[in-house]
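**Q** sequence plus predicted model, see below.
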Amino acid sequence: MLLDNSLAARILLVSDDAQLRSLLGGLLVAHGYDGVFGVDSETALTAERLSATWDVAIVDVSIPSCSAMHALRALKATNAAIVVIVPKKNGGATPHELAAGGDVVLGKPFDPRELLLIIRGMLEDNSDAEEPSDAPVAVGPISLSPLLNAATVAAREIELTSVETRILHELLLNATHPVTRERLTRCALLRNWSPDDRALDTHINRLRRKLGVDQRGRTPIRTITGIGYLLLADWKPAQ
């Protein structure tokens with residue numbers, strides 16, 4: 001069970017699939033999220049659910065429905081972080097995905113654990129952020145000096161750009177936990193993330209090259225599909 005302040009979050013689950021609604025609602029409650037409200041798309045519109053304040057909205061548009069799309073459009077105008085559930089088609093993006101938008105698009109069927117990680121990341125992004133610190137931080141063989149835009153990997157020193165410093169700082173502070181693309185974009189690139197924005201990936205790839213790889217050729221920064229990036233605390237650089 002997740003033990004943090006995010007458990008008090010209000011989560012709206014909109015789906016015309018009653019079985020999915022029941023399964024996801026039960027999953028979220030079982031993990032300590034008590035403020036979960038599950039409704040079909042028509043009820044969401046007629047019961048004025050969309051006028052309430054939600055921290056996260058999960059909208060299932062995998063079943064074609066005008067009401068589901070109307071609910072999604074209405075929720076986009078609120079401050080809720082939105083997870084859009086869409087049908088998978090040959091493992092690639094579908095036109096429905098592109099039309100749906102949302103903060104995170106999740107293909108159906110999906111691993112429920114992935115949804116839990118996405119929701120946790122969204123709630124952490126929406127929580128009150130602490131003032132950024134210039135104090136050095138270290139995890140495993142990687143240490144960072146934010147004021148100097150410099151890091152060391154074991155005994156090797158590397159110079160970083162200011163963006164790379166902010167990315168690495170956020171990953172180090174959250175080592176072993178995924179950090180969402182949205183959070184990294186806001187903290188490091190100082191702007192809001194959009195699905196078409198590939199700048200973060202470019203900076204991550206440059207940072208990976210500077211940090212190096214382990215004996216098996218693996219980077220310490222792992223991509224978590226559909227969520228963001230994670231820094232491994234037990235990673236060891238190649239000698």
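**A** Structure received.
**Q** work out which residue lies at the spatial centre of this protein.
**A** By C-alpha atoms, centre = their mean, the chain has its centre lying nearest to T180, at 3.2 Å.
**Q** my guess is that residue meets M122, correct?
**A** Yes - using C-beta atoms under 8 Å, T180 is in contact with M122, at 6.9 Å. Using the backbone N, CA and C atoms, a C-beta is placed for each residue, glycine as well.
**Q** go through the longest strand along the chain and flag the buried ones.
**A** With secondary structure taken from DSSP state E, the chain has its longest strand at strand 81-87. Using 16 or more other C-beta atoms under 10 Å as the test for burial, strand 81-87 gives 81-86.
**Q** Serialize the residues you listed to a markdown table and add fields for pLDDT and distance to N174.
**A** A markdown table is the format used below for those (pLDDT from 0 to 100; distance: C-beta to C-beta, whole Å):
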| residue | pLDDT | distance to N174 |
| --- | --- | --- |
| A81 | 83 | 17 |
| I82 | 85 | 22 |
| V83 | 86 | 20 |
| V84 | 86 | 25 |
| I85 | 85 | 26 |
| V86 | 82 | 28 |
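**Q** picking that back up, separation between the residue nearest to the centre of the chain and G121?
**A** Distance, T180 to G121, by C-beta to C-beta, to the nearest Å: 4 Å.
**Q** L28 now?
**A** Taken as C-beta to C-beta, the span from L28 to G121 is 15 Å.
**Q** coming back round to it: between the buried residues of strand 81-87, which is nearest L23?
**A** I85 (12.1 Å; C-beta to C-beta).
**Q** ok, that closest one - contacts?
**A** 15, 20, 58-62, 106-108, 110 (C-beta atoms under 8 Å, 6 or more residues apart in numbering).
**Q** kindly report the same for V104.
**A** 81-84, 118, 122, 180, 226-227.
**Q** likewise for T223?
**A** Counting by C-beta under 8 Å, 6+ apart, T223 makes contact with Y229.
**Q** and it, helix, strand or coil?
**A** strand (DSSP: H, G, I helix; E, B strand; the rest coil).
**Q** can you pull out the low-pLDDT segments for the chain?
**A** 1-7, 47-52, 89-102, 125-133, 193, 195 (pLDDT under 70).
**Q** can you give the domain ranges for this structure?
**A** 5-126, 137-231 (automatic domain parsing).
**Q** distance to Q239 added to those, as JSON lines?
**A** Formatted as JSON lines, the domains of the chain follow (distance: least, C-beta to C-beta, whole Å):
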{"stretch": "domain 5-126", "distance to Q239": "33"}
{"stretch": "domain 137-231", "distance to Q239": "8"}
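**Q** nearest to P237, of those domains?
**A** domain 137-231 (5.2 Å).
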